[in-house]
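In: Dropping a prediction and its sequence here:
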Amino acid sequence: MRFLLAVFISVPFFIDAQEADASDILFLKIQELERELAVLRNELESQSYLIEKLLNEGATQSEILNSSEDTFVAEENTFRFQGINESQSIEEVYEEAIADLNNKNFQAAKKSFTYLADNFNDDEKIPLSLFWLGEISLLESSLEESNNFFQTLVANYPNHWRTPLAHKKIGDIFMMSGETGAAKIKYQFVVQTFPDNTASSLALQLLENME
């Protein structure tokens with residue numbers, strides 16, 4: 001009997017609690033909508049001010065449309081690059097670039113690797129992107145551009161596993177540019193600094209051929 005009485009007494013409190021929770025949720029939703037409306041109002045006011053300013057300055061209709069379009073693109077990019085360092089996004093772009101590289105679509109690969117290097121932060125994919133950009137530029141006989149990519153890699157990622165080979169590639173660029181002395185110094189640096197790396201064996205063979 002006491003148990004039933006306790007149940008009957010607790011039921012109204014339970015219902016009141018549920019109603020209170022529902023009211024809290026509704027209140028939070030209303031606050032969220034008010035914030036969103038405030039943001040939209042500010043954007044509309046900014047757009048109106050911009051259009052009015054352009055009209056006052058005697059801008060043409062084409063200029064107004066272009067200005068609005070640029071604003072839209074900027075806003076779109078702001079949302080697009082939120083969470084840009086998510087590993088899945090980096091992985092997807094990198095795999096696409098590697099696929100283009102394997103298919104010898106060098107321009108498409110170069111575009112993707114450049115996009116990665118300019119917009120992402122990743123201690124594995126970015127140095128690899130710089131390395132492949134150096135390689136593609138080397139294939140295109142753009143020695144200065146290739147050297148810049150390899151130099152950026154060795155300067156910013158000295159402990160990456162591709163760094164020894166990037167140093168060796170810099171030596172190759174010196175050799176191609178007719179700077180034999182600089183190439184020799186770079187090859188010797190690779191041999192002394194990375195004795196257990198494959199790049200060291202390649203550099204040593206080139207040094208022997210230079211004797």
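Out: Received, thanks. Numbers count the residues shown, from 1 in each chain.
In: per-residue pLDDT, residue 168?
Out: pLDDT recorded at residue 168 is 97.
In: now swap in residue 51 and tell me
Out: pLDDT recorded at residue 51 is 57.
In: before we move on, what about the one 4 residues further on?
Out: Residue 55 carries a pLDDT score of 58 in this model.
In: Low-confidence ranges, this structure, go.
Out: 1-88 (pLDDT under 70).
In: That one: helices as residue ranges?
Out: Along the chain, counting by DSSP state H, helices occupy 2-56, 61-80, 87-102, 106-119, 125-139, 143-156, 163-176, 180-193, 198-210.
In: what angle separates the last one from helix 163-176?
Out: Looking back up the chat, that one is helix 198-210. Note on geometry: by axes from the mean of the first three to the mean of the last three C-alpha atoms, to 10 degrees, helix 198-210 and helix 163-176 are set 30 degrees apart in direction.
In: helices or strands up against helix 198-210?
Out: The contact analysis (3 or more C-beta pairs under 8 Å, 6 or more residues apart in numbering; DSSP states H and E) places helix 198-210 against helix 163-176, helix 180-193. Quick note: C-beta positions are derived from backbone N, CA and C, even for glycine.
In: Give me the contacts around the last one.
Out: With C-beta atoms under 8 Å, 6 or more residues apart in numbering as the test, helix 180-193 has contacts from 164, 167-168, 170-172, 174-175, 197, 199-200, 203-204, 206-207, 210.
In: buried subset of the residues you listed?
Out: 164, 167-168, 170-172, 174-175, 197, 199-200, 203, 206-207 (16 or more other C-beta atoms under 10 Å).
In: now the helices and strands packed on helix 198-210 as JSON lines including distance to residue 150?
Out: Putting the helices and strands packed on helix 198-210 into JSON lines (distance: least, C-beta to C-beta, whole Å) gives the following:
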{"stretch": "helix 163-176", "distance to residue 150": "5"}
{"stretch": "helix 180-193", "distance to residue 150": "11"}
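In: Could you say which of those is packed most deeply?
Out: Most buried of the helices and strands packed on helix 198-210, by mean neighbour count (mean count of other C-beta atoms under 10 Å): helix 163-176, with a mean of 22.
In: So which residues make contact with it?
Out: 127, 130-131, 134-135, 138, 143, 146-147, 150-151, 153-154, 157, 180, 182-184, 186-187, 189-190, 193-194, 197-200, 202-203, 206.
In: List the contacts of the nearest residue to residue 110 once chain neighbours are set aside.
Out: With C-beta to C-beta, 6 or more residues apart in numbering as the criterion, residue 110 has its nearest non-adjacent residue at 5.1 Å, and that residue is residue 136. Taking C-beta under 8 Å, 6+ apart, we find residue 136 in contact with 101, 106, 109-110, 113.
In: residues in contact with the closest residue to residue 115 other than its chain neighbours?
Out: Using C-beta to C-beta, 6+ apart and skipping residues adjacent in sequence, the residue nearest residue 115 is residue 93, 6.4 Å away. Contacts for residue 93 (C-beta under 8 Å, 6+ apart) come out as 112, 115-116, 120.
In: follow-up on the earlier one: what is the nearest of the contacts of residue 136 to residue 89?
Out: Nearest to residue 89 among the contacts of residue 136: residue 113, at 14.8 Å, using C-beta to C-beta.
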